[in-house]
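Participant: Sequence and predicted structure, then a few things I'm wondering about:
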Amino acid sequence: MRMQPTIRGFIATSVIGLAMTVHAAAIPRPAGGGLSPAAVDRIATARVPFIANQGQLPSSEVAFYARMFAGTVFVTADGELVYVLARTRQDGGGETVAFRESFGREGHSQPRGGVPSGIIVNQFKGPDPTVWKSGLPTFDTVEIERLAPGVRLTVKAAGNNVEKLFHLTPGSDVSSVAVAVDGIDGLEVDERGRLVLATPAGGIRFTAPVAYQVDGGRHARVDVAYELRSDRSYGFKVGSYDQTRELVIDPLLASTFLGGHNPQPPGNYDDDIIYGMATTGDEVIVAGATQSPDFPVHLGYDMTLDSAWPDGFIARMSGDLSTIIAATFLGTATSDRITDLAIAADGSVVVVGQAGYGFPVTSGAYTWNGSIPTGGGFVARLSGDLSTLEASAVPTPGGYPSKVGLGNGAIYFGGTTNNPSFPITPGAYASTCCPAGGFGIREYDGFAGRLSADLTILEAMTYLGGDTVSGIAVSDDGSVFLTDGWDSAITGSLARFDPGLTTREAYLSYYPGSTSGSSRTYFNDVAVSGGLVIAAGQTYMNDLPATPGAFDTTCGTDGLCDGIGTLLVPRSDGFVAIYSADLQTTEALTYLGGSDYESIRALTVGAGGDVFVVGETTSVDFPTAGSGVDAECGTDGECDPVSGSPAPDGFIARLSADLSQLEYGSYLGGSIEDRPLVVELDRMGRAYVAGFTDSFDFPTTVGAFDRTYHGGTSDAFISWIDTGAVGSLIFADDFESGGMARWN
């Protein structure tokens, strides 16, 4: 190992006396014994504090240190970083590697503790109480000012990770950032843009850096990459950017699994799925269905899974996806699920979904048969902290809502049913449905309803004449927009109704009339913004009215909406459209997809009018754009899972407000099947994406609540993604390690 004597001496004097007692929140240590792999992984990825050296280490050169599974990182009084990392070999032996990063500038400030940590560290070593240390200061970050002119450095640590963020103030010179690495054999940048440190024990990787700037809530990517200055030093090179603003790093800010495992699920069905999501303040709230008795409930209304059948769940998480603030089940001993949620003005959480037998109905709430029903669809309101079921109604028999929308002082809901005995209200748009066909089988019909905000009065209920409700949006003038996106139906539609659901004021469907041989177009979601209606979904039509200047004016890559391979089975493309409020004018319309299959499942609109969409794809050439994106489907670029059968990868895309530019596009997933179902934005315009995944290697991030895939049919996931964002220039590179340390 190439190691300078100064590093050897530093290690010898600095690793002495690191054993300490830790209170409140323990410093992560390698776990084993009776702990599950999930528990070990959560500990390994937890944030690790930096401890101030107040004489407990004999070397005065050490200012702060953080002890990780991978080893120890020291911050010296001169503002250098020294890594001492351990590796366990397959033969059970061990290896240690050490290296130092220095920044080549005299006169920078001594490092200081940044964000204080809540962890308390004491050291009681030896028989002499006068040398004992208690209440040692700890910090989540260490800050080094004036690293170079206008440059400061923030350092963070976790169980298996060290992260460095370089902040450049306006007008600073990127080339002034130079990092010398001492104690290694050499440096290289690999094909994925990662920095690889060559050592006799193997390669050590730093993730590829990414960067963005933010202006008034709008995000703009800046190209950034490592630049080798010599065989043992590196810096950064960037593309053009606004030097009056700051640049922030790392497109996948956070990503976590959410779920558990049921070892004996009925029907061999063990899903955790997120169907609904909302953001509020610095938190994200998700809801869905689970069969996992070990689902992480916490401080909720209902803490017990009543049976092995699915229950609905709601979870409040911190915005960085590291902590569950509260989580609750909602259900019965039979099948229940939450299919959508919305946040009311008072902060309460409104959810809809499937109600099992004996579903809890609160006093005075509406039920479809005037008593406790045997099941059907529910609408419920919980307190914002999820501790109280404030109101719960069961308004539908034999069918349940899949979507909810708030507006006009009421709660709108809609879904699909083949039950002709719904409690239809007087004056409803359509009062009958579902005639019996061959063998008495009834077709499905969409339905929509309106409940009073306190859930006591069914103010409207109507059939719709389509197949389902896949999206609900209420405009400022009170109009209610409903989409039909049942992708096994003949086609879908977009409709505008009056607030009372008595009149269908406008209707849009691309059936009949297509010249492409297919008129199947499914509207999967809808939003209203700035007096316009934005819709998205999937289509098999080659001749949708794509507008001049749209990002993509053809279906697929050859304009034929056909699949790849020899059979050329028709494959749908995604589409996004903007219509006038009366649905008579197509303001903008673009296809979105590659040569195989796409479906857009959900959309949301940013403050500047940009349209964010998520869905799934099996196209190896789905269009990607932006810095730091995942540009490969699956893990091998072939959209195939490890079993070799085709399976979709998730995607997220951001289109300009006029749909002319793809400003960000990325795959999102692992090696098997991944399906994003919902997307929401935080106050900075960063996107939360949620859904379900079958991929054990779905990308999760250091510090996330849960980085372990729990097996079974699927796990829920939530990802927090910066699709292009603001401000001084910040670079981040992460040291990657896994197990004790990750080596090439």
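Facilitator: In hand now; what should we look at?
Participant: so what's residue 337 up against?
Facilitator: 275, 288, 289, 310, 311, 312, 331, 353, 354 (C-beta atoms under 8 Å, 6 or more residues apart in numbering). All C-beta spots, glycine's among them, are computed from the backbone N, C-alpha and C.
Participant: Between the residues you listed, which sits nearest residue 403?
Facilitator: Distance to residue 403 across the contacts of residue 337 (C-beta to C-beta) is lowest for residue 275, with 9.5 Å.
Participant: Specify the local secondary structure of the closest one.
Facilitator: Three-state assignment for residue 275 (DSSP: H, G, I helix; E, B strand; the rest coil): strand.
Participant: Could you do residue 364 as well?
Facilitator: Taking three-state DSSP, the label given to residue 364 is coil.
Participant: Hmm, it is touching residue 456, no?
Facilitator: Yes - using C-beta atoms under 8 Å, residue 364 and residue 456 qualify as a contacting pair, with a distance of 5.1 Å.
Participant: ok, and the helix or strand in the protein with the lowest average confidence?
Facilitator: Here the helix or strand of the chain ranked lowest by mean pLDDT, DSSP states H and E is strand 21-23, holding a mean of 25.
Participant: Just give me the neighbour total for residue 321.
Facilitator: 25 (other C-beta atoms under 10 Å).
Participant: my read is it is in a helix, agree?
Facilitator: No - counting by three-state DSSP, residue 321 falls outside a helix, being coil.
Participant: Check it and give its pLDDT.
Facilitator: At residue 321 the predicted local confidence, pLDDT, stands at 72.
Participant: got a pLDDT number for residue 502?
Facilitator: Listed pLDDT for residue 502 reads 96.
Participant: With residue 147 instead?
Facilitator: Reported pLDDT for residue 147: 81.
Participant: helix, strand or coil for it?
Facilitator: Using three-state DSSP, the structure places residue 147 in strand.
Participant: Can you add distance to residue 415 and give the contacts of residue 337 back as TSV?
Facilitator: Listed next are the contacts of residue 337 as TSV, based on distance: C-beta to C-beta, whole Å:
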residue	distance to residue 415
275	12
288	15
289	15
310	17
311	19
312	15
331	17
353	9
354	9
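Participant: what's the closest of these to residue 507?
Facilitator: residue 275 (26.6 Å).
Participant: list the contacts for the closest one?
Facilitator: Contact analysis of residue 275 by C-beta under 8 Å, 6+ apart lists 287, 288, 289, 337, 338, 339, 340, 353, 402, 677, 678.
Participant: In CSV, list those residues along with secondary structure.
Facilitator: What follows is the contacts of residue 275, written out as CSV (three-state DSSP):
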residue, secondary structure
287, strand
288, strand
289, strand
337, strand
338, strand
339, strand
340, strand
353, strand
402, strand
677, strand
678, strand
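Participant: Return the item of the residues you listed having minimum pLDDT.
Facilitator: For the contacts of residue 275, the least confident entry is residue 289, with 78.
Participant: how close does it sit to residue 659?
Facilitator: 34 Å (C-beta to C-beta, to the nearest Å).
Participant: any weak-confidence spans in the stretch 351-500 of the chain?
Facilitator: Across the stretch 351-500 of the chain, the ranges flagged by pLDDT under 70 are 370-374.
Participant: Let me see the ranges of the strands in it.
Facilitator: 376-382, 389-396, 399-407, 410-417, 445-452, 458-463, 471-474, 480-484, 493-497 (DSSP state E, counting those that start in this stretch).
Participant: what does the fourth one contact?
Facilitator: Contacting residues not belonging to strand 410-417 are listed as 339, 350, 352, 377, 379, 395-396, 398-406, 433-434, 444-453, 455, 459, 464, 467-469, 472, 474, 480, 482, 486 [C-beta under 8 Å, 6+ apart].
Participant: Quick one, which of those are buried?
Facilitator: Buried members of those, scored by 16 or more other C-beta atoms under 10 Å, are 339, 350, 352, 377, 379, 395-396, 398-406, 433-434, 444-453, 455, 459, 464, 467-469, 472, 474, 480, 482, 486.
Participant: quick revisit: between residue 364 and residue 456, who's got more neighbours?
Facilitator: Legend: neighbour count by other C-beta under 10 Å for residue 364 and residue 456, higher for residue 456 (14 against 11).
Participant: Contacts only, for the more buried one.
Facilitator: Residue 456 makes contact with 364, 365, 366, 391, 393, according to C-beta under 8 Å, 6+ apart.
Participant: so which of those residues comes closest to residue 575?
Facilitator: residue 393 (35.7 Å).
Participant: surely residue 178 meets residue 104?
Facilitator: Yes - using C-beta under 8 Å, residue 178 is in contact with residue 104, at 5.2 Å.
Participant: These two: which has the busier surroundings?
Facilitator: Neighbour count, other C-beta under 10 Å: between residue 178 and residue 104, residue 178 has more, with 18 against 14.
Participant: quick one: contacts for the more buried one?
Facilitator: Residue 178 makes contacts with 103, 104, 148, 229, 233, 234, 235, as judged by C-beta under 8 Å, 6+ apart.
Participant: In the stretch 151-300 of the chain, what residue spans correspond to strands?
Facilitator: With DSSP E, counting those that start in this stretch as the criterion, the stretch 151-300 of the chain has strands spanning 151-158, 161-168, 179-182, 186-189, 195-199, 202-206, 211-215, 218-222, 224-230, 233-238, 247-248, 252-258, 272-280, 283-290.
Participant: Just the endpoints, please. Distance across stretch 638-649?
Facilitator: Start and end residues of stretch 638-649 are separated by 10 Å (C-alpha to C-alpha, to the nearest Å).
Participant: nope, stretch 149-162 is what I was after
Facilitator: 24 Å.
Participant: Show me what the nearest residue to residue 585 once chain neighbours are set aside bridges to in the sheet.
Facilitator: Among residues not flanking residue 585 along the chain, residue 579 sits closest, at 6.6 Å (C-beta to C-beta, 6 or more residues apart in numbering). Per DSSP bridges, the residues bridged to residue 579 are residue 533, residue 586.
Participant: Could you report the neighbour count for residue 579?
Facilitator: 22.
Participant: so it makes contact with residue 545?
Facilitator: No - shown here, residue 579 and residue 545 do not form a contact pair, counting by C-beta under 8 Å, at 10.4 Å.
Participant: Need the residues touching each of the two.
Facilitator: Common neighbours of residue 579 and residue 545 (C-beta under 8 Å, 6+ apart) are residue 586.
Participant: hang on, the earlier thing: now, which of the contacts of residue 275 sits nearest residue 169?
Facilitator: residue 678 (37.4 Å).
Participant: Look up how far residue 282 lies from that closest one.
Facilitator: For residue 678, the distance to residue 282 - C-beta to C-beta - is 19 Å.
Participant: Kindly state the pLDDT recorded for residue 513?
Facilitator: On the pLDDT scale, residue 513 gets 59.
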